[in-house]
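Q: need coordinates for the below:
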Amino acid sequence: MSLSVSSMPSAPTGQRGPVIALHGGAGTLTRSAITPEQQARYRSALNDILLAAQALLAQGADALDVVTEAVRLLEECPLFNAGRGAVYTADARHELDACVMRGSDLAAGAVAGVTRLRNPVLAARAVLAAGAPVLLIGEGAEHFALARGCEAVAPDWFDTPERLAQLRTVQAAQSGATLDHDAQTQLAAQPPAPLDERAKFGTVGAVALDLQGHLAAATSTGGVTNKLPGRVGDSPLVGAGNYANDRTVAVSCTGMGEAFMRGLAAYDVSALVEYAGLTLHEATRRVVMDKLPPLGGRGGLVAVDAQGQIALPFNTEGMYRGWARPGQAPVVAIYADEDDRSQA
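A: Got it, this is the predicted structure:
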């Protein structure tokens, strides 16, 4: 069930200045399926990552460094579908995608379909730094990243028993590709999560405005469970799942990738701000609540504009999300009825 605009909490629109916002996937509300201790694991992980990013911002770090590090930490956490803990393809492998973009000059770097790079977001950053290609795929992306110091791991480093059991369940049911943990709660051995794993859209991402007034965005994903080998979603595509422009906004998306690709969701937010004169709040809600649903686009995004205002809209029942400004306590939320402005 989609949520109405009025029921969707968002961050305060009046604040300005440096800020980090992140997401870790969107999905269905199931409070009854999780203990307070299990829920606390997700909140603690998000809070710790926000604290690390917040400290970088306070030290004057560049926005691109901040979002890259935030997403790297999310890739290291097996609770989320990126890096370690990524979902499986139909042939029981992992194919990972990531993108980073710098708002000051629209420089971007991305990788897709990599299988042995520990942190795809660092590989995407290496592509950006090279200044030539924007997107590299597969073995070519891996050779490029390894030559520039990125760490290689054995493909099974990304394995988790819960994700493998999820794949087997989906395949046994012959249900086709399933978004993130789409049948996971059918597994008695799988610890429950705050979001119903049968309807969770798994991507991680971060956006930031730094002390110098620059914007950046980073996004990373393991894709969808039981996906066709070679399938690529919106996450590594500039303008679809990731975008940053100092003149307007930085955006990172999570949801049904094909719909976000068809709608150029991330860039559309920027275009609505730049050409239609909409506020960040208006632009993000128009994309998430009006444009994407007719395309089958369930999910959400996090965004920050050039003034430091943030928006975290989603059209599902929940989204792992949080934000932090230097000198303020981080704010973390999961469910749609949580007020993520509570510590503003």
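Q: where exactly do the strands run in this protein?
A: According to DSSP state E, the chain carries its strands in the segments 19-29, 96-102, 107-114, 135-137, 195-201, 204-209, 215-221, 242-244, 249-255, 299-305, 310-311, 318-324, 331-335.
Q: does residue 209 really touch residue 250, like I thought?
A: Yes. The pair residue 209 and residue 250 passes the contact test of Cβ atoms under 8 Å, sitting 7.4 Å apart. Any C-beta I mention is one placed from the backbone N, CA and C, and that applies to glycine too.
Q: who has more neighbours, the two?
A: The residue with more neighbours, out of residue 209 and residue 250, is residue 250; 35 against 31, by other Cβ atoms under 10 Å.
Q: so who does that one touch?
A: Counting by Cβ atoms under 8 Å, 6 or more residues apart in numbering, residue 250 touches 63, 67, 101, 103, 207-209, 215-217, 243-244, 303-304.
Q: please redo it, this time with the cut-off set to 7 Å
A: With contacts taken as Cβ atoms under 7 Å, 6 or more residues apart in numbering, residue 250 has the following neighbours: 103, 207-208, 215-217, 244, 303-304.
Q: residue 55: which of those residues is nearest?
A: Taking Cβ to Cβ as the measure, residue 55 lies nearest residue 208 of these, at 12.6 Å.
Q: can you pull up the bridge partners for that closest one?
A: Here residue 208 sits in beta bridges with residue 20, residue 216, going by DSSP bridges.
Q: let me know the pLDDT of it.
A: If you check residue 208, the pLDDT there is 98.
Q: same thing with residue 324?
A: Model confidence at residue 324, expressed as pLDDT, equals 98.
Q: tell me where the stretch 51-200 of the chain has helices.
A: Listed from the start of the chain, the stretch 51-200 of the chain has helices (DSSP state H, counting those that start in this stretch) covering 63-76, 120-130, 138-147, 161-172.
Q: with distance to residue 293, mean neighbour count and mean pLDDT as extra columns, can I get those helices in JSON lines?
A: Below are the helices of the stretch 51-200 of the chain laid out as JSON lines (distance: least, Cβ to Cβ, whole Å; neighbours: other Cβ atoms under 10 Å; pLDDT from 0 to 100):
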{"stretch": "helix 63-76", "distance to residue 293": "26", "mean neighbour count": "26", "mean pLDDT": "98"}
{"stretch": "helix 120-130", "distance to residue 293": "29", "mean neighbour count": "25", "mean pLDDT": "98"}
{"stretch": "helix 138-147", "distance to residue 293": "33", "mean neighbour count": "17", "mean pLDDT": "98"}
{"stretch": "helix 161-172", "distance to residue 293": "24", "mean neighbour count": "18", "mean pLDDT": "84"}
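Q: which one of these lies closest to residue 322?
A: When the helices of the stretch 51-200 of the chain are ranked by proximity to residue 322, the top entry is helix 63-76, at 10.0 Å, counting by Cβ to Cβ.
Q: the closest one: how far from the chain's middle?
A: Relative to the centre of its chain, helix 63-76 is centred 11 Å away, using Cα atoms, centre = their mean, to the nearest Å.
Q: now the angle between strand 249-255 and that helix, please.
A: Taking axes from the mean of the first three to the mean of the last three Cα atoms, to 10 degrees, one finds that helix 63-76 is oriented at 20 degrees with respect to strand 249-255.
Q: contact partners for the nearest residue to residue 88 once chain neighbours are set aside?
A: Of all residues not flanking residue 88 in the chain, residue 167 sits nearest, at 4.1 Å (Cβ to Cβ, 6 or more residues apart in numbering). Contacts for residue 167 (Cβ under 7 Å, 6+ apart) come out as 88, 92, 225-226.
Q: tell me the one of the residues you listed nearest residue 330?
A: When those are compared for distance to residue 330 (Cβ to Cβ), residue 225 comes out closest, at 30.0 Å.
Q: might one say that the closest one is in contact with residue 86?
A: No. With contact defined as Cβ atoms under 7 Å, residue 225 and residue 86 do not form a contacting pair (9.9 Å).
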